[in-house]
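how would this look folded up:
(chains A and B)
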Protein chains: 2
Amino acid sequence: MVKYPSGSAAALQKFTKVSQKRGESHHRKDVSFSDRGMTLEQMINESNKYYLLKEVAVVHKKPTPVQIVKVDYPKRSRAVIKEAYFRQESTTDYNGVYNGYYLDFEAKETKNKTSFPLKNFHEHQIVHLEKCLKQAGICFTIIGFTSLNRYFVTPASAVIKAWWTKSKSSVTLAEIESWSVEIASGFQPTLPYLTAVDQFIADRKSN
Amino acid sequence: MVKYPSGSAAALQKFTKVSQKRGESHHRKDVSFSDRGMTLEQMINESNKYYLLKEVAVVHKKPTPVQIVKVDYPKRSRAVIKEAYFRQESTTDYNGVYNGYYLDFEAKETKNKTSFPLKNFHEHQIVHLEKCLKQAGICFTIIGFTSLNRYFVTPASAVIKAWWTKSKSSVTLAEIESWSVEIASGFQPTLPYLTAVDQFIADRKSN
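Numbering: from 1, shown residues only, chains lettered A, B, ... in the order given. The predicted model follows:
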């Protein structure tokens, strides 16, 4: 894969080309998420790329933590990692800065149609969100019901509370609807989750 | 390496044990950085661990981005990555949240005694710091003169300006002194860089 420096014109061109290859039109506003054939992670990454290019926010997915044990340095060729192990993560997948606010979130998707299994979240993610909330970060989750093409930005506090409730193994779609801001489908960005974040910020200010 | 969940009592014990193994006393307040035999990265990681345990701030080092190509899943043993490549980074090494503020920084050390070579910073780091500054993050660098045991927290704006000045290949120690808050040696945390951050926050408020 050719790598462009983030934020360059080349990255925008690449972004546009990828979209065109998928047969999408820039002028179609009514595309549904499923048309894209993208995972939730891909949609968020494309949205973050867009927000970065437009100087709206700086949000990146954290790399998978890997313990590197052995690296080969072949002549006239780039270094190859020959032995490495996955390490335990200690944070969520995404964080960044938006207009002075620290954002921290985790994204999960389910094929279920009526409920979201809480086992999708791991304890370290819940604990990390709690810690960031204590530091006054804007913390949330993006929950995708892929079979329904519905995506929700849910405040971390609601997910944390449900996760620690021992009698609960899942939350219903109705509960998620009541806690969350649903994200409307858009072309640019693919998943305009900052609209929901704006609402959380407004709620915080009014409290 | 045994991994403890972040923020647990076990992690604190481990932290303490490691310190004791190094022959440090908890009651000695006058330890100099060089006594530790730690790299700047290790000092920052230990400080972040301390800040996390004490619920002062949530700051993590980002993992090295790796493109994983081949993974073996041996029976009764954990997954081994057999082929992977280093990917281009697009951010700085550290970010997190402190009392509602987004923190973003890069750490560099030099053995020089009178100046710091600017080639230690890479363009993607400078560009990322610029982007985070535009989003009103608290952005800085931690510069260590290891031969002098002196460590400075320098606002990103000063480093960015020097980096883009074509005639400049390095900045003098005197320049760094004038721009920065020098970090006093401490035991816990090893490198109390948030003291400098407090000053940047106070400066921002008074402007």
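
quick one, helices of chain A?
In chain A, helices defined by DSSP state H lie at A:9-21, A:40-53, A:123-134, A:156-164, A:173-179, A:194-206, listed in chain order.

how far is the biggest strand by length in chain A from where the chain is centred?
Secondary structure of chain A read by DSSP state E shows that its longest strand is strand A:101-110. The chain centre lies 5 Å from the centre of strand A:101-110; the measure is Cα atoms, centre = their mean, to the nearest Å.

by contact count, what packs against it?
helix A:40-53, strand A:94-98, strand A:115-117, helix A:123-134, strand A:138-145, helix A:194-206, strand B:94-98, strand B:101-110 (3 or more Cβ pairs under 8 Å, 6 or more residues apart in numbering or on different chains; DSSP states H and E). Every C-beta, even on glycine, is put in place using the N, C-alpha and C of the backbone.

For the shortest one, which strands pair with it and how are they oriented?
Meaning strand A:115-117. strand A:170-172 (antiparallel) (DSSP bridges).

which regions of chain A lie under the pLDDT threshold?
A:1-36, A:185 (pLDDT under 70).

Let me have the helices of chain A in a markdown table, extended by mean neighbour count and distance to chain B.
Output for the helices of chain A, formatted as a markdown table (neighbours: other Cβ atoms under 10 Å in any protein chain shown; distance: least, Cβ to the nearest Cβ, whole Å):
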| stretch | mean neighbour count | distance to chain B |
| --- | --- | --- |
| helix A:9-21 | 13 | 10 |
| helix A:40-53 | 20 | 7 |
| helix A:123-134 | 19 | 5 |
| helix A:156-164 | 19 | 13 |
| helix A:173-179 | 15 | 22 |
| helix A:194-206 | 14 | 10 |
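
Now tabulate these in CSV and tack on distance to residue A:145.
Compiled in CSV, those are given as follows (distance: least, Cβ to Cβ, whole Å):
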stretch, distance to residue A:145
helix A:9-21, 24
helix A:40-53, 10
helix A:123-134, 19
helix A:156-164, 15
helix A:173-179, 7
helix A:194-206, 16
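
what's the closest of those helices to residue B:103?
Taking Cβ to Cβ, helix A:123-134 is the member of the helices of chain A nearest to residue B:103, at 12.0 Å.

got the contact list for the closest one?
Outside helix A:123-134, the residues within contact range by Cβ atoms under 8 Å, 6 or more residues apart in numbering or on different chains are A:88-92, A:95, A:102, A:104, A:106, A:139, A:141, A:156-157, A:159-160, A:163-164, B:5-7, B:52, B:55, B:58, B:97.

which residues touch the closest residue to residue A:136 other than its chain neighbours?
Computed as Cβ to Cβ, 6 or more residues apart in numbering or on different chains, the closest residue to residue A:136 that is not its neighbour in sequence is residue B:100, at 3.6 Å. By Cβ under 8 Å, 6+ apart, the residues touching residue B:100 are A:101, A:102, A:135, A:136, A:137.

ok, now how distant is the residue lying closest to residue A:109 once chain neighbours are set aside from residue A:154?
Using Cβ to Cβ, 6+ apart and skipping residues adjacent in sequence, the residue nearest residue A:109 is residue A:144, 3.7 Å away. To residue A:154, residue A:144 is 11 Å away according to Cβ to Cβ, to the nearest Å.

go on, residue A:86?
For residue A:86, the distance to residue A:154 - Cβ to Cβ - is 27 Å.

returning to that earlier point: with distance to residue A:183 added, can I get the helices and strands packed on strand A:101-110 in TSV?
Listed next are the helices and strands packed on strand A:101-110 as TSV, based on distance: least, Cβ to Cβ, whole Å:
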stretch	distance to residue A:183
helix A:40-53	10
strand A:94-98	15
strand A:115-117	15
helix A:123-134	19
strand A:138-145	8
helix A:194-206	6
strand B:94-98	23
strand B:101-110	23
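
Residue B:81 is nearest to which of the ones you listed?
helix A:40-53 (19.6 Å).

From the chain's centroid, how far away is that closest one?
The chain centroid and the centroid of helix A:40-53 are separated by 8 Å, computed with Cα atoms, centre = their mean.

That one - contacts with which helices or strands?
Contacts defined by 3+ Cβ pairs under 8 Å, 6+ apart place helix A:40-53 against helix A:9-21, strand A:58-61, strand A:94-98, strand A:101-110, strand A:138-145.

is the third one up against chain B anywhere?
Right, strand A:94-98. Yes: among the residues of strand A:94-98, A:95, A:96, A:97, A:98 lie within reach of chain B under Cβ under 8 Å from any Cβ of the partner chain.

And those, which is closest to residue B:75?
residue A:95 (36.5 Å).

What separation do you get for the closest one and residue B:132?
Residue A:95 sits 12 Å away from residue B:132, going by Cβ to Cβ.

what's the answer for residue A:65, then?
Residue A:65 is 22 Å from residue B:132, by Cβ to Cβ.

What of residue A:59?
Look at residue A:59 and residue B:132: by Cβ to Cβ, they are 11 Å apart.

Need the residues touching each of these two.
By Cβ under 8 Å, 6+ apart, the residues touching both residue A:59 and residue B:132 are residue A:97.

residue with max distance from the center of chain A?
Largest separation from the mean C-alpha position in chain A: residue A:75, at 38.5 Å (Cα atoms, centre = their mean).

quick one, phi/psi of it?
Per-residue torsions, residue A:75: phi -60, psi 140 (degrees, to the nearest 10).

How much space separates it from chain B?
Distance from residue A:75 to chain B, counting by Cβ to the nearest Cβ, to the nearest Å: 16 Å.

what does residue A:150 give?
Counting by Cβ to the nearest Cβ, the gap from residue A:150 to chain B is 29 Å.

for residue A:152, same thing?
The gap separating residue A:152 from chain B is 23 Å, by Cβ to the nearest Cβ.

That residue contacts residue A:158, doesn't it?
No: if you go by Cβ atoms under 8 Å, residue A:152 and residue A:158 don't touch, sitting 10.4 Å apart.

what comes up buried for stretch A:51-65?
When neighbours are counted by 16 or more other Cβ atoms under 10 Å in any protein chain shown, the buried residues of stretch A:51-65 are found to be A:51, A:52, A:53, A:56, A:57, A:58, A:59, A:60, A:61, A:62, A:63, A:65.

you'd agree the second one is up against residue A:61?
What that stands for is residue A:52. No: under the criterion of Cβ under 8 Å, residue A:52 is not in contact with residue A:61, lying 11.8 Å apart.

burial count for the residue nearest to residue A:109?
Around residue A:144 there are 24 other residues, counting by other Cβ atoms under 10 Å in any protein chain shown.
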